[in-house]
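Peer 1: Just a sequence and a predicted model for now, questions to come.
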Amino acid sequence: MNTLRRLALLLLGLGLVTSWGYAESSDYGEALRKGDLKALKKYVEMDPDGINGHRWGAPLLVQAADAGQPKSVAWLLEQGADVNAKDSDGFTALHTAAERDHLEVMKLLLKHKADVDARSGRDETPLHQCRSAQAVNILVKAGADLDALARGRRTPLIWAAQNGHSEAARAMVAAGAKLNLQDDYQCTALHRAIWAKDKPLVEALLKKRAKTSLRNKEGLTAMGYAKKGGDKEMIALLKKYKAH
């Protein structure tokens with residue numbers, strides 16, 4: 001989730017701004033955070049666009065998923081909220097719940113037939129958003145594509161590796177993600193993990209026999225990338241697995 005989108009949702013959740021263009025109390029944000037269905041119903045009734053109305057570029061269901069309140073999410077779904085509705089960046093409630101590690105909300109959305117491989121405006125799936133092993137496992141169990149390509153030819157594994165989401169990345173490795181796919185810079189997950197100095201992930205990849213000989217656009221192998229970064233411990237780890 002980009003910074004502007006997060007700020008918009010934060011301001012809205014605090015009740016400081018609304019799509020109607022005027023300040024109001026914090027009741028709206030409290031309704032989302034606490035699962036106050038009476039207050040939430042009032043705000044839905046106020047919205048001329050109804051249950052699927054957008055506020056600051058985000059459907060109410062996406063905001064409820066971001067707040068992590070299963071009661072709010074369940075009520076909205078029961079009232080007919082579109083489980084696959086997207087915000088202005090193309091993210092669904094499932095993307096948002098996965099990013100925020102709201103596991104119960106994820107399960108609830110999937111129970112209501114949320115698209116496990118829904119694409120954002122940058123072609124990211126909910127799996128690209130995961131930070132934890134639990135979130136990864138929930139999506140994998142629901143049939144998520146472990147190797148879906150987002151913008152820049154980044155798989156969920158490559159994305160997690162480059163962004164330091166080590167636990168999620170290792171869960172993807174354990175679940176059978178393809179290890180040797182290359183992004184548009186021809187970097188593999190191993191390249192990205194090395195640059196992120198993520199030794200647990202690097203070792204997990206090496207134990208699963210990730211190729212160390214593949215070169216990126218700079219012509220660097222995994223070892224070359226480690227040497228470029230000057231990480232002696234990483235170099236030693238690669239040597240342990242016979243990388244050159």
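Peer 2: That came through fine.
Peer 1: C-alpha from now on. contacts and neighbour counts both.
Peer 2: Noted.
Peer 1: Give me the domain ranges for the chain.
Peer 2: For the chain, the structural domains run 1-114, 138-244, going by automatic domain parsing.
Peer 1: Same list (those) but as TSV, adding distance to Glu124 and mean neighbour count.
Peer 2: Formatted as TSV, these follow (distance: least, C-alpha to C-alpha, whole Å; neighbours: other C-alpha atoms under 10 Å):
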stretch	distance to Glu124	mean neighbour count
domain 1-114	8	19
domain 138-244	5	19
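Peer 1: where in the chain is pLDDT low?
Peer 2: For the chain, applying pLDDT under 70 flags the ranges 1-29, 48, 56.
Peer 1: residue contacts, the most centrally placed residue in it?
Peer 2: Nearest to the geometric centre of the chain sits Gln129, at 0.9 Å (C-alpha atoms, centre = their mean). Contact analysis of Gln129 by C-alpha atoms under 8 Å, 6 or more residues apart in numbering lists 95-96, 98-99, 156.
Peer 1: and if you look at Ile158?
Peer 2: 183, 188-189, 192.
Peer 1: mind putting these in TSV, secondary structure included?
Peer 2: Below are the contacts of Ile158 laid out as TSV (DSSP: H, G, I helix; E, B strand; the rest coil):
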residue	secondary structure
Asp183	coil
Thr188	coil
Ala189	helix
Arg192	helix
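Peer 1: distance of the residue nearest to the centre of the chain from Gly229?
Peer 2: According to C-alpha to C-alpha, to the nearest Å, Gln129 and Gly229 sit 27 Å apart.
Peer 1: next one: Ala174
Peer 2: Separation of Ala174 from Gly229 (C-alpha to C-alpha): 27 Å.
Peer 1: ok so, going back, now tabulate the domains of the chain in JSON lines and tack on distance to Thr125.
Peer 2: Shown next, in JSON lines, are those (distance: least, C-alpha to C-alpha, whole Å):
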{"stretch": "domain 1-114", "distance to Thr125": "7"}
{"stretch": "domain 138-244", "distance to Thr125": "7"}
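Peer 1: Out of the ones you listed, which gets nearest to Gly121?
Peer 2: Shortest separation from Gly121 across those is recorded for domain 1-114, at 4.7 Å, computed as C-alpha to C-alpha.
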